[in-house]
Structure formats: C-alpha cells, structure tokens
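Novice: Next comes the sequence, and after it the predicted model I'd like to discuss.
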Amino acid sequence: MSAGVVVAGAGQAGFQLAASLREGGFRDPITLVGDEAALPYQRPPLSKAYLAGKTDQEGLFLRPPGFFAEHAVAHRPGLRAVAIDRDARRLQLSDGTDLPYDHLVLATGARNRPLPVPGAELAGVRQLRGLADADALKESLATARAIVVVGAGFIGLEFAAVAAARGLPVTVIEAAERPMARAVSSEMGAFFRRAHAAMGVRFAFGAGVTAIVGRDGRAAGVALADGRELAADLILVGIGVLPNRELAAEAGLPAEDGVRVDAFLATPDPAISAIGDCARFPIPFARGLTPDGTVRIESVQNAIDQGRCLAARLTGKPASYGALPWFWSDQGPHKLQIAGLSGPGDASVVRGTGDAFSVFRFRDGHLSAVESVARAGDHMIARRLLTAGTPLTPDQAADPDFDLKGLALRRP
Ligand SMILES: Cc1cc2nc3c(=O)[nH]c(=O)nc-3n(C[C@H](O)[C@H](O)[C@H](O)COP(=O)(O)OP(=O)(O)OC[C@H]3O[C@@H](n4cnc5c(N)ncnc54)[C@H](O)[C@@H]3O)c2cc1C
C-alpha cells in the first residue's frame, strides 16, 4: 500500500493541503501530525473575537470533528515531528514511532520571537500564537490592572485594542518611530497611531526594553533604555516570529530564514515540500523587494493558497505559485486591508480622506500594494489590478475622478 502524504504541522496550511487533496480526488492515505492538542483551527480570532469573548473554541475550528473520518484524513494531535530520515522516507515522531511517506509536507508555521532581556520568563509576561496562549492571556486580562505591550505590530496592536476596550490602561512600547513600521506606509501608520490614541492606548516610540522588573516572582513593570520604568502586571510581547525551520535544516535542506522552496513549493528533495509561514519562496510580487525575490509571508491567504497550489501538484496539475498576497487586521473599530507587497522605500499616494482612505504604494513606478481603511471597494479593485498587472500611474491613483473600477474591470 502507498504511504501517501504525511504533513508535519496541522495548522492553516497543513489542513488546507489535506482538504484540497481530497477535493482534488487524491485517494492515498493522508496523515496530519500536529503538536497541538486541538483540532486544526484558525488563529486570527485569537487576537480579536476570541480574546474579546465574542466567539468560543468551536468557532475557531476549520472543520467539525466529523470531517476527518469522513474524508479519511488521519489527524494525529499532540505529536511532534522530530526528525526526517530522507533516505528511508520516514518521519520520526516524539512518541518514538515513525511514519513512512511518499511525500512529506512541512507546514510547521512559526513561533514567537523571545524577548531577550532579564525577567522575560516571569509570570505575567505573555506571548500569543496558539489557543493555549490565548486562553492564558484571557485569564490574565480578567485580573490585569495595567498592561504594557512590547511591539507595535499587528498582534500587539490588535491585543492593545481589545484590552483598551475593557477600560484597562495600555501602553505600547515600540523600537521604531511608528506603528507597523515594517508592514505599512507612514501615512497608514500615522492613522493607526491616532486611532489607538482615541481608544485610550498610549505609545512609547523609539523605546527599547532592557528588563522586565519583578516583584514576588511576578512581573511588576518594564524598564526602558532611557531609564523610565512603566508599571504593569500584564506584559504582552509581540515582536515578530521565527519560522519553524529546524526539521528541514537538520535533514540537510536549505532553510536559512525559512524552508527554501522553488516556485512549485518543492525543496531540493523531490519527496519534500514546504508551505505556509515556515516556507521561503520566490514570487513575482516580491521583485525589487528582496535581493533574491524570495519572501516568507505570514498570512491566512498565503497558507490557504499554498495548500491549494501544492495539492494541485500532488494530484497531477502542477502550477507555479503566484497568488496575490493579501491581508487584514482588525484593530478596535478599524479594519486594515492590504493587497500586494510593499517595501519601506515604496512611494505613497493617498486616495480618500479622514477615516476612509487608501494608500497606493509604488515601487519603481509600478503599483506594488494598496492599504485601505473603510474602503473595501479600493481593496477589491487593488486585488484585480495587481493580479492582472494592469498599469496604473501615481497621477491616476491621486486623481479622485479617475475611474479605478473601470480600469480594473477593463478586459486586457
Ligand atoms: C494571534 C494571531 C492573529 C493573526 N491574525 C491574522 C490576520 O488577521 N490575518 C491574516 O492573514 N493572518 C493572521 N495571522 C497569521 C496566520 O494565522 C498564519 O499566517 C497562519 O496560521 C499560517 O499557517 P501555517 O499552517 O503556516 O502555520 P500555523 O497555523 O502556525 O500551523 C503550524 C502548526 O504546526 C505545528 N508544528 C510546528 N512544529 C511542529 C512539529 N515539529 N511537529 C508537529 N507540529 C508542529 C504548530 O504547533 C502549529 O500547530 C495571525 C496569527 C496569529 C498568531
């Protein structure tokens, strides 16, 4: 009997691959090995509706429990893949057993970057990646009196909005001079800075954390490089993630800052592929953004589209991966939507005003990305324009009378 497909990591990407394989008529065994206890679930609500108590655990699951037996997908929760024997095509597991595979998919995601300062291990210091983290954070929120968030990225800001909505004092500390500095334009960063201030969130920009101050074995505050000390009994650290690349690296596969795959999501070993947050891959939208045109993308869209793309290859319909990256973040009453991939050097053109506007980003004169708040129409138009590669000039984007929708709907 065929050993089928074994997937290390039962998250968004691994699950999507399994579901799409069955949809595509794949008949061999599929085994999803995941080191978490729960059924495969979606992470975005962990820093939004789930944290705010607006949805329960069941609302997070990607499919109900019956799905797995019905579709002959063997989900093995609570098990870690620990090593790959590439010659024997076997995946070694944390319970001492191993699984044979015809094709192995690495979908191991990413983990939080630790805060490298004294006191980071104290009770009251938390991070957010999985369901267990979210449950612990919820519990801490219930009794917290003063909160410090380290890092003004998406997760830190989403959490800050939820905490501020409960009337808790929240200060966000950020090493850069503005929020989401790596991900969005200075115009969009400025809007969210004002929006959070209106929610009651305070900021310390250009600030470095030197230690978590403890009292009676618990976090009591945060010491900053400029000598200030901020009192806090709950500290959320959100300073980015590291790809879970060790399985691949230890098996001799290239995996510096992500498991290296080609345009078909294949590693140099034809029996091993990688998808989702853990994978570093080439994509046309990254041209001019990184020296070698490869990126690692942490988003639901990327995890789903890569799962689908790989499933198509494994069912005999190979195609290179080229889906347009898009993303969203909910911060208090504001939804940020991003289509495309921008870099810090990209030029900005603003369309719209006040609380409803889009920032069109241009790299080397070409549209690279569009960031929108309360302009869902712009976001959908941007997806069409970027996917089709339709030329748009900065002057056209800046002209409020220019018919963007007409341009997006025009046939090539
Ligand atoms: C709090 C939060 C909010 C987010 N909000 C948004 C959002 O608003 N919009 C958006 O687009 N994206 C958002 N994301 C990002 C999105 O959830 C991820 O990009 C997506 O989950 C990536 O899917 P993945 O399958 O690659 O990784 P994951 O979903 O992380 O799954 C990987 C799984 O593999 C497991 N694993 C790791 N190593 C092993 C091993 N050796 N053996 C077995 N199992 C292993 C991990 O524990 C995990 O369960 C958010 C993420 C978080 C954490």
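Specialist: Good, I have the coordinates. Numbering: from 1, shown residues only.

Novice: quick one: residue 133 is in a helix?
Specialist: Yes - under DSSP: H, G, I helix; E, B strand; the rest coil, residue 133 sits within a helix.

Novice: so how far is residue 341 from it?
Specialist: Distance, residue 133 to residue 341, by CB to CB, to the nearest Å: 28 Å. Any C-beta I mention is one placed from the backbone N, CA and C, and that applies to glycine too.

Novice: Counting neighbours, go ahead and name the busier of these two.
Specialist: residue 341 (26 against 17; other CB atoms under 10 Å).

Novice: Identify each buried residue in the host helix or strand of residue 387, please.
Specialist: Using DSSP states H and E, the element containing residue 387 is helix 376-388. Neighbour counts over helix 376-388 (16 or more other CB atoms under 10 Å) mark 378-387 as buried.

Novice: Other residues contacting it?
Specialist: With contacts defined as CB atoms under 8 Å, 6 or more residues apart in numbering, helix 376-388 is touched by 285, 324, 326, 337, 339-340, 351-352, 358, 360, 367, 369-370, 372, 390, 392, 404-405, 407-409, 412.

Novice: what is the mean pLDDT for that helix?
Specialist: Averaging pLDDT along helix 376-388 gives 97.

Novice: For it, what is the distance to the chain centroid?
Specialist: 21 Å (CA atoms, centre = their mean, to the nearest Å).

Novice: for stretch 9-18, same thing?
Specialist: 14 Å.

Novice: What residues does the closest residue to residue 44 other than its chain neighbours make contact with?
Specialist: Sequence neighbours aside, residue 300 is the residue nearest to residue 44 in space, at 6.3 Å (criterion: CB to CB, 6 or more residues apart in numbering). Taking CB under 8 Å, 6+ apart, we find residue 300 in contact with 12, 42-44.

Novice: ok, now residue 74?
Specialist: Counted by CB under 8 Å, 6+ apart, residue 74 has contacts 29-32, 68.

Novice: Which single residue of this protein ends up nearest the ligand?
Specialist: Residue nearest to the ligand within the chain: residue 11 (1.8 Å; CB to the nearest ligand atom).

Novice: Retrieve the pLDDT associated with the closest residue to that residue other than its chain neighbours.
Specialist: Of all residues not flanking residue 11 in the chain, residue 109 sits nearest, at 5.0 Å (CB to CB, 6+ apart). pLDDT, residue 109: 98.

Novice: count of neighbours near residue 109?
Specialist: 24.

Novice: now do residue 340
Specialist: 23.

Novice: need the contact list for the residue lying closest to it once chain neighbours are set aside.
Specialist: Spatial nearest neighbour of residue 340, chain neighbours left out: residue 369 (3.2 Å); criterion: CB to CB, 6+ apart. Residue 369 sits next to 338-342, 346, 361, 382, 386 when contact means CB under 8 Å, 6+ apart.

Novice: Residue 317: how many residues sit nearby?
Specialist: Applying other CB under 10 Å, I find that residue 317 has 10 neighbouring residues.

Novice: Show the pLDDT at it.
Specialist: Confidence score, pLDDT, at residue 317: 98.

Novice: Excluding chain neighbours, what is closest to it?
Specialist: residue 24 (7.5 Å).

Novice: so the one you found touches residue 310, yeah?
Specialist: No - counting by CB atoms under 8 Å, residue 24 does not reach residue 310; the two are 10.5 Å apart.

Novice: now the strands for the stretch 301-412 of the chain?
Specialist: For the stretch 301-412 of the chain, the strands defined by DSSP state E, counting those that start in this stretch cover 326-331, 334-340, 347-353, 356-363, 366-373.

Novice: Can you tell me the strand partners of the last one and which way each runs?
Specialist: Right, strand 366-373. Here strand 366-373 is paired, per DSSP bridges, with strand 334-340 (antiparallel), strand 356-363 (antiparallel).

Novice: What is the distance between the shortest one and the centre of its chain?
Specialist: In terms of CA atoms, centre = their mean, the centre of strand 334-340 is set 13 Å apart from its chain centre.

Novice: Just the C-alpha atoms of that strand, please, in CSV.
Specialist: The C-alpha trace of strand 334-340 is given here as CSV (Å, rounded to 0.1, in the frame of the first residue of the first chain):
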residue,chain,number,x,y,z
HIS,A,334,-11.0,49.8,12.2
LYS,A,335,-10.2,47.1,9.6
LEU,A,336,-7.0,47.4,7.7
GLN,A,337,-6.9,45.6,4.4
ILE,A,338,-3.7,45.2,2.4
ALA,A,339,-3.3,43.9,-1.2
GLY,A,340,0.2,43.3,-2.6
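
Novice: ok so, going back, nearest to residue 238, out of the contacts of residue 300: which one, please.
Specialist: The closest of the contacts of residue 300 to residue 238 turns out to be residue 43 (CB to CB; 13.2 Å).

Novice: what's the pLDDT at that closest one?
Specialist: For residue 43, the model assigns a pLDDT of 98.

Novice: Once you drop chain neighbours, what's closest to residue 272?
Specialist: Leaving out its chain neighbours, residue 272 is closest to residue 104 (CB to CB, 6+ apart), at 4.8 Å.

Novice: oh, I was asking about residue 251
Specialist: residue 84 (4.0 Å).

Novice: That neighbour - that's part of a strand, no?
Specialist: Yes - the assignment for residue 84 by three-state DSSP puts it in a strand.

Novice: what's across from it in the sheet?
Specialist: Applying DSSP bridges, one finds that residue 84 bridges with residue 91.

Novice: interface residues of this protein facing the ligand?
Specialist: Contact residues (CB under 6 Å from any ligand atom) of the chain with the ligand: 8-14, 33-36, 43-44, 46-47, 80-81, 107-109, 128-129, 155, 244, 247, 276-278, 298-301, 303, 327-329.
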